[in-house]
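Chemist: Pasted the sequence and its predicted model underneath.
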There are 2 protein chains.
Amino acid sequence: MGVNIQIQLNENLYIRDPQDTKLGRSIIQHSIHLIDEIGFEDFTFKKLAQRIHSTEASIYRYFENKHRLLVYLLCWYWEWMRYLIEVNTKNMTDPRKKLTIAISTIVDAALRDEAIDWVDEDVLYRIVVSESTKAYHTKKVDEENKKGFFLTYKSLSKTIAAIITEIKPDFQYPKALASTLLEMAKDHIFFAQHLPSLTDISNGNQEYSDAKELLRHFAFSILDGPASVS
Amino acid sequence: MGVNIQIQLNENLYIRDPQDTKLGRSIIQHSIHLIDEIGFEDFTFKKLAQRIHSTEASIYRYFENKHRLLVYLLCWYWEWMRYLIEVNTKNMTDPRKKLTIAISTIVDAALRDEAIDWVDEDVLYRIVVSESTKAYHTKKVDEENKKGFFLTYKSLSKTIAAIITEIKPDFQYPKALASTLLEMAKDHIFFAQHLPSLTDISNGNQEYSDAKELLRHFAFSILDGPASVS
DNA sequence: TGGAAAGCGATAGTATTCCTATCGCAATTG
DNA sequence: CAATTGCGATAGGAATACTATCGCTTTCCA
């Protein structure tokens, strides 16, 4: 049993809802691992079909193409993040503590969680770090945005922006700070692993406490900074 | 005539140096425009060959594949940026002014410049905004990093980090702040254009003065922030 | 309980992408 | 003027990104 979470995503993302069937759940579970292993560029429906002992045509019954599948996975992550932040900050009165918890929650996505047994959240987060910008850095952003593909990301960002506004109601850049924190988490975890000269956090630490510290330092410096900046 | 700048890039990036021949320069010039028009995913050497009235095989004599060409273009931009920041901050004594100039220089890359007549810098910057993360978010990052593909990006980041250290020698995160400013410039210009709810800067302003103001505000708040952060 | 519908494997086939290889002409170079 | 370089032309192969059809099972529900 355990916790029973049902994440409902935008219907435009899929042809058939993968959560409804055994094959659908298998597609989600194994696509996460396969993309993590070989990268999104080399990932194909044919390779996925071979791994799950199904066929290319069967996978195409669920997703129009591999890009839609990627966006589906990311939406799943974004929605799950937003849910976790909401749960973890519930009943808290101090908005500063809320922001600290939100930052920790984002970074801790790199760690294993067992929320849903056919989604390995820690592996999914590696995909978020490596592949998420490919979801919206496309010639079709505007079209896909209209279809609501990025609502969950915007909603996650909005949740964090709301906490920021709670801390400092007259702050000029709540939305920018919220999205920057989300992007920074990915960037610096990636830099620490692959391009360490672009960051000051170390890669050794399994729990990324450096990353949390960096985000907190930036966020609170900006929020508590001198009223007038030269 | 005009200014004569020669940008020398990593030899591993190309098979034949595109700066040496007419066809090579044509490949650079038109690939920038074609990638800008149709996006990197849909961009192919065949389409580029058609546009410049050449052949696929001829383009393959310059670049192993389209990914290498993209990295080449980005390296060109990163090196050019570093050069501009160095020139623009030369003989300045106040490091705070240097950082302000550096930020303006990065954001102004979106504007037309005529440094080299076969490179349209403003169009190239649109590629940087939309496609640059695809250069290093690959399964081959580590391998390509060893070959020195990202030296110019790291060098640009290092230049900015040095200014930050000049401002505040005991600052804990100079490298992280430098790369964050570079990433933020791209992200928020992109968000303003396509996902406006993720930023607070507007898209209307042609000179992105909002973006400059945002970056300056974040940078100096972090540098001037209260010594101890809760 | 029986007939319709849904789900999925199997197979076939097409257009495009991503290359590699070879040939030969024209321009450049030494 | 001989040798090299640069490049257009063509061919072709393996992989990718789909689309379509057939028919077998399982499930649904009346």
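Modeler: Now that the structure is in, tell me what you want to look at.
Chemist: what's the pLDDT at A:E64?
Modeler: pLDDT, A:E64: 97.
Chemist: other SSEs contacting the helix or strand containing A:L84?
Modeler: Per DSSP states H and E: A:L84 is located in helix A:66-88. Under the contact criterion of 3 or more C-beta pairs under 8 Å, 6 or more residues apart in numbering or on different chains; DSSP states H and E, helix A:66-88 touches helix A:22-38, helix A:95-108, helix A:121-131, helix A:133-136, helix A:151-167. C-beta coordinates here come from the backbone N, C-alpha and C atoms, glycine included.
Chemist: Now tabulate these in CSV and tack on mean pLDDT.
Modeler: Listed next are those as CSV, based on pLDDT from 0 to 100:
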stretch, mean pLDDT
helix A:22-38, 97
helix A:95-108, 96
helix A:121-131, 95
helix A:133-136, 98
helix A:151-167, 98
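Chemist: Make JSON lines out of these and add distance to B:S130 and mean neighbour count.
Modeler: Formatted as JSON lines, the helices and strands packed on helix A:66-88 follow (distance: least, C-beta to C-beta, whole Å; neighbours: other C-beta atoms under 10 Å in any protein chain shown):
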{"stretch": "helix A:22-38", "distance to B:S130": "22", "mean neighbour count": "18"}
{"stretch": "helix A:95-108", "distance to B:S130": "25", "mean neighbour count": "21"}
{"stretch": "helix A:121-131", "distance to B:S130": "16", "mean neighbour count": "21"}
{"stretch": "helix A:133-136", "distance to B:S130": "10", "mean neighbour count": "22"}
{"stretch": "helix A:151-167", "distance to B:S130": "17", "mean neighbour count": "20"}
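Chemist: Out of the ones you listed, the one nearest B:D120 is which?
Modeler: helix A:133-136 (24.0 Å; C-beta to C-beta).
Chemist: Tell me the buried residues in the next helix or strand after that closest one?
Modeler: Later in the chain than helix A:133-136, the nearest helix or strand by DSSP H and E is helix A:141-146. Buried residues in helix A:141-146, counted by 16 or more other C-beta atoms under 10 Å in any protein chain shown: A:V141, A:E144, A:N145.
Chemist: wait, does helix A:141-146 make contact with chain B?
Modeler: Yes - counting by C-beta under 8 Å from any C-beta of the partner chain, chain B is contacted by helix A:141-146 at A:V141, A:D142, A:N145.
Chemist: The residue lying closest to A:I59 once chain neighbours are set aside: neighbour count?
Modeler: Spatial nearest neighbour of A:I59, chain neighbours left out: A:F45 (4.6 Å); criterion: C-beta to C-beta, 6 or more residues apart in numbering or on different chains. Under the neighbour criterion other C-beta atoms under 10 Å in any protein chain shown, A:F45 is assigned a count of 21.
Chemist: for A:F45, what are its contacts?
Modeler: Counting by C-beta atoms under 8 Å, 6 or more residues apart in numbering or on different chains, A:F45 touches A:E56, A:I59, A:Y60, A:K66.
Chemist: out of the residues you listed, who has the most neighbours?
Modeler: A:I59 (23 neighbours).
Chemist: which element is it on?
Modeler: helix A:56-60.
Chemist: ok, back up a step: could you dump the helices and strands packed on helix A:66-88 into TSV and include distance to DNA strand C?
Modeler: Converted to TSV, these look like this (distance: least, C-beta to the nearest atom of the strand, whole Å):
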stretch	distance to DNA strand C
helix A:22-38	3
helix A:95-108	33
helix A:121-131	17
helix A:133-136	14
helix A:151-167	24
